[in-house]
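[1] Fold the following and give me the result.
(2 chains)
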2 protein chains.
Amino acid sequence: MAVYTNVSDEDLAQYLTEYDLGEAIAFKGIAEGVENSNYFLETTKGRFILTLFEKRANPADLPYFIELKQHLAANGYSCPLPVAAKDGKALRTLAGRPSVIITFLQGLSPRVPNAVQCRELGIGLARLHQAAANFAMQRENSLGPSSWRVLWEGREQTAETLQPGLAEKIATDLKSVAEAQSSLSSLPRGTIHADLFPDNAFFLGDRFTGAIDFYFACTDALAYDLAVCVNAWAFESDGAFNYSKAANLIAGYQSVRPLDADEKAAFPILCRGAALRFFLTRLVDWTDTPDDALVKPKDPLDYADRLRFHRTTRSISDYGG
Amino acid sequence: MAVYTNVSDEDLAQYLTEYDLGEAIAFKGIAEGVENSNYFLETTKGRFILTLFEKRANPADLPYFIELKQHLAANGYSCPLPVAAKDGKALRTLAGRPSVIITFLQGLSPRVPNAVQCRELGIGLARLHQAAANFAMQRENSLGPSSWRVLWEGREQTAETLQPGLAEKIATDLKSVAEAQSSLSSLPRGTIHADLFPDNAFFLGDRFTGAIDFYFACTDALAYDLAVCVNAWAFESDGAFNYSKAANLIAGYQSVRPLDADEKAAFPILCRGAALRFFLTRLVDWTDTPDDALVKPKDPLDYADRLRFHRTTRSISDYGG
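    Presented below is the predicted three-dimensional model:
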């Protein structure tokens, strides 16, 4: 949670003259988001979120993210909609950063999702895949399997320090995922969110109201997105796997988009791969984040626990699917 | 900027049943406030700020702060109004912390206030003093002159490390303020904000819309509050004194509540005392804040610069008054 870039009231007033949104009447930094700076912005015409893309965001990717959200919203999927300025462009520059104003999405992120919310999230994920089905743009998954060996390189010792014996296990995980890669490449592909954690999902009560933070979205196996969600939604804070949450998530997804036989067969290795991806990026953040950073790195061992579980599964039925 | 205490969606839903505010439809941590955790809360009935008082807040002081805001609002002064729950009480408990829901105040905090805003702020400060004039509760200024020697004790070496020769100058400042104390004790007193920095003042354009963050409010010399504002509003980021901003601030104040002869005579020493107070609390935070804290300590030397200026002034006319 952080605001990395400050925006002066003068800069904001000047910026808003490019839009047809009236004048600012409230502007508050939001303690949310790890990668970018977000502000709550109220103008005389409504409420919005203003995002400044920080240095980890690749400017070349930004049009993809913005057009994806516009496409989803045009296809009836609930997500924040980038607002075009008077010249028709939504992607702009503020305080020296690429920036965008998006509409404000109602809802609250669950801290501890319940099983009903998991089912609703599964439905919401499948609908996202459907709404994005005819989205023409493509983006490679920059945090896909081919990046994992690079992330892992030189970090064996850190893993050992965190948990003796972990380095060898991770090496086995990487090997297993690499061996499965050729069979995974033929799975149904499309646009995936790739980071649909509870923080990025909004609910009113148990009703899913939409997803935010599409900044890892990419073109990849659709079932991998569901595997990310199993990791993110179906484990408790003590690391325990919650079978009924996973079962609900998968059932919700399949009520809209049934998985085919190949996707079902690949599900355990997809879950293991997804856990590996978050383990590795957390491991990198763990070692690379300076002590005085505004954002505290998340514990990689949460994902070491998940990997331990995924090493034991043999079929999607072990996940309640 | 930080949110120290997380509130789960379940806890929030339960908490809102104590109020007549409907249900939550948005809830976001705000990257604002150094002492407490603040959330933007939208319910089906409106928009609010939810504050959790963290460990530096003295629970015994909270009724004073809450009743002061209620008194000010009842007397037509624009500030966030604590919202009473169904049982009539505004001060409650959430996530193990004392908490309050306050109304949402429109406006933006200026990063670099202009001279017109300084005049408006002066008017706003004087109106605050007027609106609080018949407020019955009292609170001692826990960061008043008697606390300064305590704060200073054992920190001479830190000051020397920051700037060689500084310790001796601070000792002189403390001595000068102590010598003036008997004459200051007879100045007109009342309820003061005591921390009305630009972050705590809201404007729409150049119009002052109200003050927030009354958690240092106390009973003290009214002119001391104006001296705090001179320090907070009339120096540039490079430390330079801005005469026209100070003159506007004092003129705005006097257009509503003229200073008497004693207050004018005491003004230079009041400004020096106010600078000393912020220098000393920043010095304490500088040494006591762990490197991994969410909030970065502010540089005490900003106030060493102000003190250097205040040592040279002889009358309120040196401040444009």
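[2] what residues does stretch A:195-204 touch?
    Stretch A:195-204 is contacted from outside by A:32, A:105-111, A:113, A:117, A:120-121, A:124-125, A:193, A:208-213, A:215-217, A:225, A:228-229, A:232-233, B:9, B:23, B:25, using Cβ atoms under 8 Å, 6 or more residues apart in numbering or on different chains. In this view, the C-beta of every residue, glycine as well, is placed from N, C-alpha and C.
[3] Tell me where the stretch 201-321 of chain A has helices.
    Using DSSP state H, counting those that start in this stretch, the helices of the stretch 201-321 of chain A run over A:222-233, A:243-256, A:261-288, A:301-310.
[4] Deepest-packed of these, please.
    Comparing the helices of the stretch 201-321 of chain A by mean neighbour count (mean count of other Cβ atoms under 10 Å in any protein chain shown), helix A:222-233 comes out on top with a mean of 26.
[5] Low-confidence bits of chain A, can you list those?
    A:1-2, A:33-34, A:290-295 (pLDDT under 70).
[6] got the domain boundaries for it?
    A:9-103, A:115-319 (automatic domain parsing).
[7] Endpoint to endpoint, the longest one covers what distance?
    By that I understand domain A:115-319. With Cα to Cα, to the nearest Å as the measure, domain A:115-319 spans 14 Å from end to end.
[8] Now for whatever residue of the stretch 51-200 of chain A ends up closest to chain B, how many residues are close by?
    As assessed by Cβ to the nearest Cβ, chain B sits closest to residue A:111 within the stretch 51-200 of chain A, at 4.0 Å. Each residue near residue A:111 was counted by other Cβ atoms under 10 Å in any protein chain shown, and the total is 15.
[9] before we move on, what about residue A:148?
    So residue A:148, with other Cβ under 10 Å, has 21 neighbours.
[10] which bits of the stretch 1-150 of chain A sit near chain B?
    Contact residues (Cβ under 8 Å from any Cβ of the partner chain) of the stretch 1-150 of chain A with chain B: A:1-3, A:6, A:8-10, A:12, A:23-32, A:40, A:42, A:104, A:106-112.
[11] Return a selection command, for use in ChimeraX, containing the buried ones of those residues.
    ChimeraX command restricting these to the buried ones, with burial defined by 16 or more other Cβ atoms under 10 Å in any protein chain shown:
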select /A:1,2,3,9,12,24,25,26,27,28,29,30,31,32,40,42,104,107,108,109,110
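[12] Kindly reformat the domains of chain A as TSV containing distance to residue B:171.
    Compiled in TSV, those are given as follows (distance: least, Cβ to Cβ, whole Å):
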stretch	distance to residue B:171
domain A:9-103	39
domain A:115-319	31
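[13] Could you say which helix or strand holds the residue positioned nearest the centre of chain A?
    Closest residue to the average C-alpha location of chain A: residue A:195 at 1.6 Å, with Cα atoms, centre = their mean. Assigned by DSSP states H and E, residue A:195 belongs to no helix or strand.
[14] That one and residue A:277: what is the separation?
    10 Å (Cβ to Cβ, to the nearest Å).
[15] shared neighbours, these two?
    Common neighbours of residue A:195 and residue A:277 (criterion: Cβ under 8 Å, 6+ apart): residue A:228.
[16] I'd say residue A:36 and residue A:215 touch.
    Yes: in this structure residue A:36 lies within contact range of residue A:215 using Cβ atoms under 8 Å: 7.1 Å.
[17] Identify the contacts common to the two.
    Residues within reach of residue A:36 and of residue A:215 at once, by Cβ under 8 Å, 6+ apart, are residue A:57.
[18] mind listing what residue A:281 touches?
    Neighbouring residues of residue A:281 by Cβ under 8 Å, 6+ apart: A:143, A:151.
[19] Mind doing that once more with 10 Å?
    When contacts are counted by Cβ atoms under 10 Å, 6 or more residues apart in numbering or on different chains, residue A:281 touches A:143, A:147, A:148, A:151, A:216, A:297, A:298, A:300, A:303.
[20] For whichever strand or helix holds residue A:10, which outside residues touch it?
    Applying DSSP H and E as the criterion places residue A:10 in helix A:9-16. If you take Cβ under 10 Å, 6+ apart as the criterion, helix A:9-16 is touched by A:7-8, A:21-24, A:27, A:39, A:41, A:43-45, A:50, A:85, A:92-96, A:99, A:101, B:107-114, B:117, B:198, B:203, B:205.
[21] for the helix or strand just after it, packing partners?
    Next in sequence after helix A:9-16, counting helices and strands by DSSP H and E, comes strand A:24-29. Contacts defined by 3 or more Cβ pairs under 10 Å, 6 or more residues apart in numbering or on different chains; DSSP states H and E place strand A:24-29 against helix A:9-16, strand A:37-43, strand A:46-52, strand B:37-43, strand B:201-204.
[22] and the ones you listed as a markdown table, adding distance to residue A:249?
    A markdown table is the format used below for the helices and strands packed on strand A:24-29 (distance: least, Cβ to Cβ, whole Å):
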| stretch | distance to residue A:249 |
| --- | --- |
| helix A:9-16 | 40 |
| strand A:37-43 | 27 |
| strand A:46-52 | 27 |
| strand B:37-43 | 28 |
| strand B:201-204 | 44 |
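[23] so which of the ones you listed comes closest to residue A:307?
    Closest of these to residue A:307 is strand A:37-43, at 31.2 Å (criterion: Cβ to Cβ).
[24] now the closest one and strand A:46-52, what's the angle there?
    Per axes from the mean of the first three to the mean of the last three Cα atoms, to 10 degrees, the angle that strand A:37-43 makes with strand A:46-52 is 150 degrees.
[25] show me what contacts residue A:277?
    Per Cβ under 10 Å, 6+ apart, neighbours of residue A:277: A:141, A:143-145, A:147-148, A:151, A:177, A:194-195, A:216, A:224, A:227-228, A:231, A:303.
[26] can you check residue A:313 too?
    By Cβ under 10 Å, 6+ apart, the contact list for residue A:313 reads A:241, A:267, A:268, A:269, A:271, A:272, A:319.
[27] Relative to chain B, which of these is nearest.
    For these, the closest approach to chain B (Cβ to the nearest Cβ) belongs to residue A:241, at 21.1 Å.
[28] show me the contacts for the closest one.
    With contact taken as Cβ under 10 Å, 6+ apart, residue A:241 is in contact with A:230-231, A:234-235, A:305-306, A:308-310, A:312-313, A:318-320.
[29] which residues does it bridge with?
    Beta-bridge pairing of residue A:241 under DSSP bridges involves residue A:235.
[30] how close does it sit to residue A:318?
    For residue A:241, the distance to residue A:318 - Cβ to Cβ - is 9 Å.
[31] Identify the residues contacting residue A:141.
    Neighbouring residues of residue A:141 by Cβ under 10 Å, 6+ apart: A:147, A:192, A:194, A:216, A:217, A:218, A:219, A:220, A:221, A:224, A:277.
[32] Just the buried residues of the residues you listed.
    Buried subset of the contacts of residue A:141 (neighbour count, 16+ other Cβ under 10 Å): A:192, A:194, A:216, A:217, A:218, A:219, A:220, A:221, A:224, A:277.
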